[in-house]
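Novice: coordinates for the following, if possible.
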Amino acid sequence: MSNQSLDADRLAAWVGRSEAVTDQIDIGRAVAMAATLDLLASPAIGDSLPPLWHWLYFWSAIPASQLGEDGHAQRGGFLPPVSLPRRMWAGGRLKFLAPLPVGTQAERVSRIKAIEVKQGKSGPLVFVTVAHDISVQAKLVIQEEHDIVYRDVLQVGDLASRVKLAPTDSHWFREVSPDPVQLFRYSALTFNGYRIHYDRTYATEVEGYPGLIVHGPLIASLLTDLVSRELPDRTISEFSFRAIAPLFDIEPFSVHGRLEPDGRNVVLWAANSRGELAMQAEAQLR
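Specialist: Reported below is the predicted structural model:
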């Protein structure tokens with residue numbers, strides 16, 4: 001990898017870059033998301049969109065001719081031209097300030113907040129933080145910071161080196177059996193072309209994974225859905241999450257939650273079938 005491709009000063013030119021997207025929070029995508037999560041009921045027009053479902057909207061509809069081999073947009077548009085081949089959603093922090101009603105029109109303003117170049121145990125890393133502000137009729141309803149990490153090609157032992165056992169003191173848990181149809185549906189709903197989620201040949205033979213990767217945002221959505229199932233009369237005011245290790249469609253995984261004694265904070269995590277931590281998260285409740 002050339003020094004130029006990872007040059008911090010060169011990439012820093014993207015800090016402050018912004019874009020704005022307007023979208024209709026249509027009922028169709030909300031109903032389809034409820035079906036994807038296998039929920040018995042779906043939101044109606046006027047209902048508040050469930051936490052994290054805003055990721056179904058504000059698509060970056062890049063023309064097919066401008067996509068890279070991996071299905072992502074070619075580098076150097078809104079996001080910086082990082083040449084490391086693997087791009088992952090590493091985590092994020094969100095504040096839900098007011099309802100985002102189904103059926104309304106909303107605007108998302110995005111800004112490159114920070115870019116950091118690091119040297120990890122497995123090679124070079126580039127972290128990009130994107131800030132999103134979502135508004136309805138000029139009223140801010142969601143604030144989000146989205147962390148993206150770029151890595152080099154997968155090396156033998158990379159996945160094993162990230163093994164960390166998940167907690168065992170959950171109050172609630174739910175087992176999830178991912179399958180290619182669910183992953184395809186979520187890719188379609190979020191207009192996410194990254195081939196690791198639906199193209200098994202690409203995921204296993206090009207990027208070296210054992211199966212299709214479950215989307216990080218889908219796992220996070222299953223964690224907030226667990227809170228909604230267990231505490232239907234409460235709403236999430238803040239949520240943060242961090243991806244620890246990937247989950248694959250070749251085995252079931254589980255989502256867990258524990259309500260803290262203060263009755264306001266919830267500790268959440270996802271684990272694979274061997275009890276290894278895949279994602280950790282926290283939610284604050286109203």
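Novice: output the below-cut-off pLDDT ranges for the stretch 151-286 of the chain.
Specialist: 154-162 (pLDDT under 70).
Novice: using PDB, list the CA coordinates for stretch 200-211.
Specialist: Extracted C-alpha coordinates of stretch 200-211, given in PDB (Å, rounded to 0.1, in the frame of the first residue of the first chain):
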ATOM      1  CA  ARG A 200     -21.400 -15.800  -1.500                       C
ATOM      2  CA  THR A 201     -18.700 -16.300  -4.100                       C
ATOM      3  CA  TYR A 202     -17.400 -12.800  -3.700                       C
ATOM      4  CA  ALA A 203     -17.600 -12.900   0.100                       C
ATOM      5  CA  THR A 204     -15.700 -16.300   0.400                       C
ATOM      6  CA  GLU A 205     -13.400 -16.300  -2.600                       C
ATOM      7  CA  VAL A 206     -12.400 -12.600  -2.900                       C
ATOM      8  CA  GLU A 207     -12.700 -11.200   0.700                       C
ATOM      9  CA  GLY A 208     -11.900 -14.600   2.400                       C
ATOM     10  CA  TYR A 209     -14.900 -14.800   4.800                       C
ATOM     11  CA  PRO A 210     -16.500 -18.200   5.700                       C
ATOM     12  CA  GLY A 211     -20.000 -17.000   4.600                       C
END
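Novice: ok now it, how far from the chain's centre?
Specialist: 20 Å (CA atoms, centre = their mean, to the nearest Å).
Novice: mind listing what the residue lying closest to V117 once chain neighbours are set aside touches?
Specialist: Among residues not flanking V117 along the chain, A8 sits closest, at 4.6 Å (CB to CB, 6 or more residues apart in numbering). All C-beta atoms are positioned from the backbone trio N, CA, C, and that covers glycine. Residues near A8 by CB atoms under 8 Å, 6 or more residues apart in numbering: 115-117.
Novice: and those residues, which of them are buried?
Specialist: Neighbour-count burial within these applies to 115, 117; the criterion is 16 or more other CB atoms under 10 Å.
Novice: residue boundaries of the strands in this protein?
Specialist: Assigned by DSSP state E, the strands in the chain fall at 18-24, 86-96, 105-120, 123-136, 139-151, 172-176, 236-243, 253-259, 265-272, 277-285.
Novice: of these, which approaches I62 most closely?
Specialist: Closest to I62 of these is strand 18-24 (CB to CB; 12.4 Å).
Novice: the closest one: partners in the sheet, and parallel or antiparallel?
Specialist: Strand pairing for strand 18-24, determined by DSSP bridges: strand 105-120 (antiparallel).
Novice: give me the residues contacting stretch 190-209.
Specialist: Against stretch 190-209 from outside (CB under 8 Å, 6+ apart): 55-56, 59-61, 67, 69-72, 86-87, 153-154, 180, 183-184, 186-187, 210-215, 217, 246, 248.
Novice: recalculate using a threshold of 6 Å.
Specialist: Among residues not part of stretch 190-209, those counted as contacts by CB atoms under 6 Å, 6 or more residues apart in numbering are 55-56, 59, 70-72, 154, 183-184, 187, 212-213, 215.
Novice: and if you look at stretch 49-56?
Specialist: Contacts for stretch 49-56 (CB under 6 Å, 6+ apart): 29, 33, 100, 102, 189-190, 217, 220-221, 224, 236.
Novice: mind putting those into TSV with neighbour count?
Specialist: Shown next, in TSV, are the contacts of stretch 49-56 (neighbours: other CB atoms under 10 Å):
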residue	neighbour count
R29	20
M33	25
L100	22
V102	23
L189	21
T190	21
P217	19
A220	27
S221	22
T224	24
I236	20
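Novice: as JSON lines, those with distance to L39 would be great.
Specialist: Listed next are these as JSON lines, based on distance: CB to CB, whole Å:
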{"residue": "R29", "distance to L39": "14"}
{"residue": "M33", "distance to L39": "8"}
{"residue": "L100", "distance to L39": "18"}
{"residue": "V102", "distance to L39": "14"}
{"residue": "L189", "distance to L39": "14"}
{"residue": "T190", "distance to L39": "17"}
{"residue": "P217", "distance to L39": "17"}
{"residue": "A220", "distance to L39": "16"}
{"residue": "S221", "distance to L39": "11"}
{"residue": "T224", "distance to L39": "12"}
{"residue": "I236", "distance to L39": "16"}
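Novice: thanks a lot, catch you later.
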